[in-house]
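J.: pasting the sequence and the predicted model now:
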Amino acid sequence: MGVSSSTATDRLARRYPPSRVPRWAVIAGVIVLAAVAITWLVITAGRQSQPPVSAQITTFDIASDREAHFEMTVQRPDPSVEVTCTVIAQAVNHERVGEILDLRVPPDEHELVRVRGTIETFREATSVSLEGCTPVQ
């Protein structure tokens, strides 16, 4: 006593009716969304590939339990722009033990400049790192 294939087909058709949105509209919507996403990606990548300031810590020295010295290089396409950087010192457990929130790099005639500084810490640091630099508006 089997069920005929036409009855099963009818039952499946009633259970799963055709979509209310035409197939061409779904395809067009996916294409539009993909175009918007690709456009956003290209614009964002273009902006991020040319930051207004790039900097890095080149060397650091832990002078004592309360002090760390560092040297960093700062590069900016427009050397007449003043830059503010945030430099931090961390302990062995990655706890922040010192920081310079507004290290100012004044305008200069060179795109690439070296900056030396000292961070006072409240306990011994094991590393010095740069959180970031931004142009002063």
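T.: Now that the structure is in, tell me what you want to look at.
J.: just want the most central residue of this structure.
T.: Gln48 (8.7 Å; CA atoms, centre = their mean).
J.: tell me the spacing between that residue and Val42.
T.: Separation of Gln48 from Val42 (CB to CB, to the nearest Å): 11 Å. Where C-beta positions appear, they are placed from N, C-alpha and C, glycine not excepted.
J.: how about Pro51?
T.: Distance from Pro51 to Val42, by CB to CB: 17 Å.
J.: neighbour-wise, which of these two wins?
T.: Pro51 (15 against 10; other CB atoms under 10 Å).
J.: what helix or strand does that one sit in?
T.: Assigned by DSSP states H and E, Pro51 belongs to no helix or strand.
J.: and Ile100, by the same measure?
T.: Going by DSSP H and E, Ile100 is part of strand 96-105.
J.: contacts for that strand next, please.
T.: For strand 96-105, contacts defined as CB atoms under 8 Å, 6 or more residues apart in numbering pick out 68, 74, 82-91, 113, 115, 117, 119-125, 133, 136.
J.: and if you look at stretch 25-40?
T.: With CB under 8 Å, 6+ apart as the criterion, stretch 25-40 contacts Ser19.
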